[in-house]
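S.K.: Mind looking at a prediction? Sequence and model below.
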Amino acid sequence: MTESSEWLIYRGAGEPHDGLDRLPPPPPWRDFAGRATAASGADGSEDRRLGAHRHLAELHRPGAEELEMINAALYLRRPLLVTGSPGAGKSTLAHSVAYELGLGTVLRWPIVSRSALQDGLYHYDAIARLQDVQIAAPQGAGPAAPGAPGSVEGIGGYIRLGPLGTALLPSDTPRVLLIDELDKSDIDLPNDLLNVLEEGEFAIPELERVADRLPGGEAEVLTADGSRARVRDGRVRCRAFPFVVLTSNGERDFPAPLMRRCIHLELGRPDHKRLATFVRAHLGDEAARAGDDLITHFLERSRSELVAADQLLNAIYLTDAAAPPSRDRLADLLIQRLDRPR
């Protein structure tokens, strides 16, 4: 056990020092350095979500009802609406399905209060196209030559599909799409999603208008995961409906038309075994054993307070790495109730 001040990097002394050299590697779920070359995913998101030590533990071990609802969504090609408290494993479920079934990197659409359906489908950068035309064309010249910047043939370079639009591209196997925290959206978005989720297709009017002038009626557009795809006749139509996971913290009710189009799964509070497996997958066996008392304390608090599992991870990682004498006090500071009055 070290002295309580030895683990501190910033000491508030007002004098420069080389303490940053003693900063240990980041927690696995906050390590972004290797994401560009991660073998398990194009952006390293699987390691951060499922755990760098997941070979030591099965992180997502669903119960019978949970397993049945996930498979019902797969069989019926319906979105899966997952509700539960923060840190219950809602987002992890999408990554777990993608990892086990080999469906590639999860496409993620994080919802905020300003999110609109258009954000999820595609974005057309008309201003950039106009600027390219003005830069490339001589003063007083006519329309851009075929293949020139801003030309009709190059219009696809100004269109980027969003996460939902990318998930609906035609493919033989489904993509996994995570629409995260839908309850943070404005009142219109859940209803706006209905037609796209029902039909599995959408139009890009900017491409429809010029489809007869494009080679083969196709345009090559950018996708949400950084690749390129060809869109024919200005419409995106899926062949395999994506596995769509919509998550909610239960902060609001959704309209009945959306609910009847979804398979609804409600996640309860995790038990001691599941939390221990969760910690083991991210931090390894030794950290899980050392943090067993913190897991027990976390479960006791969760009966009357709203706390999240990622807070538990933070507490176990920091108290294990720093090992200050005030371990319990530090853990309580990191696991603060999320529903306390402001």
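M.R.: Received the coordinates, thanks. Residues are numbered from 1 along each chain as shown.

S.K.: What ranges does the protein have for its helices?
M.R.: For the chain, helices defined by DSSP state H occupy the ranges 45-50, 64-76, 90-101, 117-121, 126-136, 163-167, 189-199, 205-208, 256-261, 272-283, 285-290, 292-302, 309-322, 327-334.

S.K.: Minimum distance to residue 245: which of those has it?
M.R.: helix 90-101 (4.1 Å; Cβ to Cβ). C-beta coordinates here come from the backbone N, C-alpha and C atoms, glycine included.

S.K.: elements contacting that closest one?
M.R.: Where contact means 3 or more Cβ pairs under 8 Å, 6 or more residues apart in numbering; DSSP states H and E, helix 90-101 is packed against helix 45-50, helix 64-76, strand 80-83, strand 176-180, strand 243-248.

S.K.: In CSV: these, plus mean pLDDT, mean neighbour count and distance to residue 318.
M.R.: Output for the helices and strands packed on helix 90-101, formatted as CSV (pLDDT from 0 to 100; neighbours: other Cβ atoms under 10 Å; distance: least, Cβ to Cβ, whole Å):
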stretch, mean pLDDT, mean neighbour count, distance to residue 318
helix 45-50, 58, 22, 17
helix 64-76, 94, 14, 30
strand 80-83, 96, 24, 29
strand 176-180, 97, 24, 26
strand 243-248, 97, 25, 27
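
S.K.: With distance to residue 116 as added columns, please give those in CSV.
M.R.: What follows is these, written out as CSV (distance: least, Cβ to Cβ, whole Å):
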stretch, distance to residue 116
helix 45-50, 24
helix 64-76, 25
strand 80-83, 20
strand 176-180, 13
strand 243-248, 16
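
S.K.: how close does residue 133 sit to residue 154?
M.R.: Distance of residue 133 to residue 154, computed by Cβ to Cβ, to the nearest Å: 10 Å.

S.K.: For residue 255, which of the helices and strands packed on helix 90-101 is the nearest?
M.R.: For residue 255, the closest of the helices and strands packed on helix 90-101 is strand 80-83, at 11.9 Å, according to Cβ to Cβ.

S.K.: Return the list of strands paired to the closest one, each annotated with direction.
M.R.: Here strand 80-83 is paired, per DSSP bridges, with strand 243-248 (parallel), strand 263-266 (parallel).

S.K.: Adding distance to residue 207, write the ones you listed out as JSON lines.
M.R.: Below are the strands paired with strand 80-83 laid out as JSON lines (distance: least, Cβ to Cβ, whole Å):
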{"stretch": "strand 243-248", "distance to residue 207": "24"}
{"stretch": "strand 263-266", "distance to residue 207": "33"}
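
S.K.: Identify whichever of those strands lies nearest to residue 102.
M.R.: strand 243-248 (12.2 Å).

S.K.: Now do that closest one: distance to the chain's middle.
M.R.: 10 Å (Cα atoms, centre = their mean, to the nearest Å).

S.K.: How about stretch 158-175?
M.R.: 15 Å.

S.K.: for it, which positions count as buried?
M.R.: By 16 or more other Cβ atoms under 10 Å, the buried positions in stretch 158-175 come out as 158-169, 174-175.

S.K.: And for stretch 21-28?
M.R.: Across stretch 21-28, burial judged by 16+ other Cβ under 10 Å covers 27, 28.

S.K.: Many thanks, have a good one.
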